[in-house]
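1. need a structure here:
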Amino acid sequence: MKEIFIHSEYIKLDQFLKLADCISTGGMAKALLAEGHVLVNGEPEERRGRKLYPGDRVSVEDCGEFTVSRES
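-> This next block holds a predicted model:
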């Protein structure tokens with residue numbers, strides 16, 4: 001599982017997917033989420049604006065598994 005570090009309190013899911021190099025545009029995020037290829041903490045997620053906090057786990061089909069960490 002790869003750690004993705006954030007500098008703020010939270011990060012929105014679409015921004016996270018870009019940071020994790022799973023997508024390159026917001027439109028790609030919308031399609032990926034609509035097709036059910038993203039799990040947050042083991043549950044399917046379709047909201048691009050879902051806030052992710054340190055400790056959250058994200059699984060993206062054909063991209064990998066990630067955990068959100070706060071950079072100190």
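2. where do the strands sit along the protein?
-> Secondary structure of the chain (DSSP state E): strands located at 2-6, 11-12, 38-40, 43-44, 51-52, 57-60, 64-70.
3. relative to S24, how far out is the closest residue to F5 other than its chain neighbours?
-> If the residues on either side of it in the chain are set aside, F5 comes closest to E71, at 4.1 Å by CB to CB, 6 or more residues apart in numbering. To be clear about C-beta, it is placed using only N, CA and C from the backbone, and glycine gets the same treatment. To S24, E71 is 23 Å away according to CB to CB, to the nearest Å.
4. go on, L17?
-> For L17, the distance to S24 - CB to CB - is 9 Å.
5. same question for I6.
-> Counting by CB to CB - I6 and S24 are separated by 19 Å.
6. where does pLDDT dip in the chain?
-> Within the chain, no range satisfies pLDDT under 70.
7. burial measure for the residue nearest to I23 when sequence neighbours are not counted, as a count.
-> Of all residues not flanking I23 in the chain, L17 sits nearest, at 4.8 Å (CB to CB, 6+ apart). The tally of other residues near L17 (other CB atoms under 10 Å) stands at 26.
8. wait, L17 touches V38, no?
-> Yes - taking contacts as CB atoms under 8 Å, L17 lies within contact range of V38: 7.5 Å.
9. who are the neighbours in contact with L32?
-> L17, C22, I23, V38, V60 (CB atoms under 8 Å, 6 or more residues apart in numbering).
10. what about G42, how many neighbours?
-> The burial count for G42: 7, using other CB under 10 Å.
11. what's the answer for the one 4 residues further on, then?
-> Each residue near E46 was counted by other CB under 10 Å, and the total is 13.
12. distance of it from L13?
-> From E46 to L13 the distance is 9 Å (CB to CB).
13. please enumerate the shared neighbours of those two.
-> Joint contacts of E46 and L13 (CB under 8 Å, 6+ apart) are L33, V38.
14. keeping just the C-alphas, turn the longest helix anywhere in the chain into PDB.
-> Determined from DSSP state H, the single longest helix within the chain is helix 26-34. Extracted as PDB, the C-alpha positions of helix 26-34 are listed here (Å, rounded to 0.1, in the frame of the first residue of the first chain):
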ATOM      1  CA  GLY A  26     -11.300  15.800 -13.500                       C
ATOM      2  CA  GLY A  27     -13.400  14.300 -16.300                       C
ATOM      3  CA  MET A  28     -11.500  11.100 -15.900                       C
ATOM      4  CA  ALA A  29     -12.300  11.100 -12.200                       C
ATOM      5  CA  LYS A  30     -16.000  11.500 -12.900                       C
ATOM      6  CA  ALA A  31     -15.900   8.400 -15.200                       C
ATOM      7  CA  LEU A  32     -13.800   6.300 -13.000                       C
ATOM      8  CA  LEU A  33     -16.100   7.000 -10.000                       C
ATOM      9  CA  ALA A  34     -19.300   6.500 -12.000                       C
END
